[in-house]
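Sequence and predicted structure, then a few things I'm wondering about:
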Amino acid sequence: MSQHARKVRGRRSGGRQSNPSERVVVADSDMTSCERVRDLFNRCRRMLRNGARHVVIDLHGVTVADTKIVACLVALHRLARSVSARLEVSLSQAIIEVARICRLERLVQELALHASGRPEGG
């Protein structure tokens, strides 16, 4: 787990032991390959379908992104809502820029975390 993921997880748990239904997934570097995006989607989908109530996706270290990762986040967002789970994503500037180009700023706000790793409005 990256140092940033530990910080995100620690902030979410208030420094206490985290909720057993919370899961953290980390991806970094280049997220433009179909295989890497599919792997991220499948890991998160499996967690949500197996009962995780809170999934934190740490994408803070992603340096290259395209519309595939945005589509993946949209699908995961919908899946999380359908199973009444909470999905939070720590986004890199590269992903925020792709979301902006796709006019999905609202999705970024709903997912709550930005490049700084701070909650919207926090």
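Happy to help now that I have it. Numbering: from 1, shown residues only.

Following element in sequence after the lowest-mean-pLDDT helix or strand in the chain, please.
The least trusted helix or strand in the chain, going by mean pLDDT, DSSP states H and E, turns out to be helix 3-13, with a mean of 52. Sequence-wise, the next helix or strand beyond helix 3-13 is strand 22-31, with elements assigned using DSSP states H and E.

Could you check that following strand and say which residues are buried?
22-28, 31 (16 or more other C-beta atoms under 10 Å). From N, CA and C alone the C-beta is placed, and that goes for glycine too.

could you give the angle of the next helix or strand after it to strand 22-31?
In the C-terminal direction, the helix or strand that comes right after strand 22-31 (DSSP H and E) is helix 34-49. Using axes from the mean of the first three to the mean of the last three C-alpha atoms, to 10 degrees, the inter-axis angle of helix 34-49 relative to strand 22-31 is 170 degrees.

Thr67 touches Cys102, doesn't it?
Yes - the pair Thr67 and Cys102 qualifies as a contact (C-beta atoms under 8 Å) at a distance of 6.2 Å.
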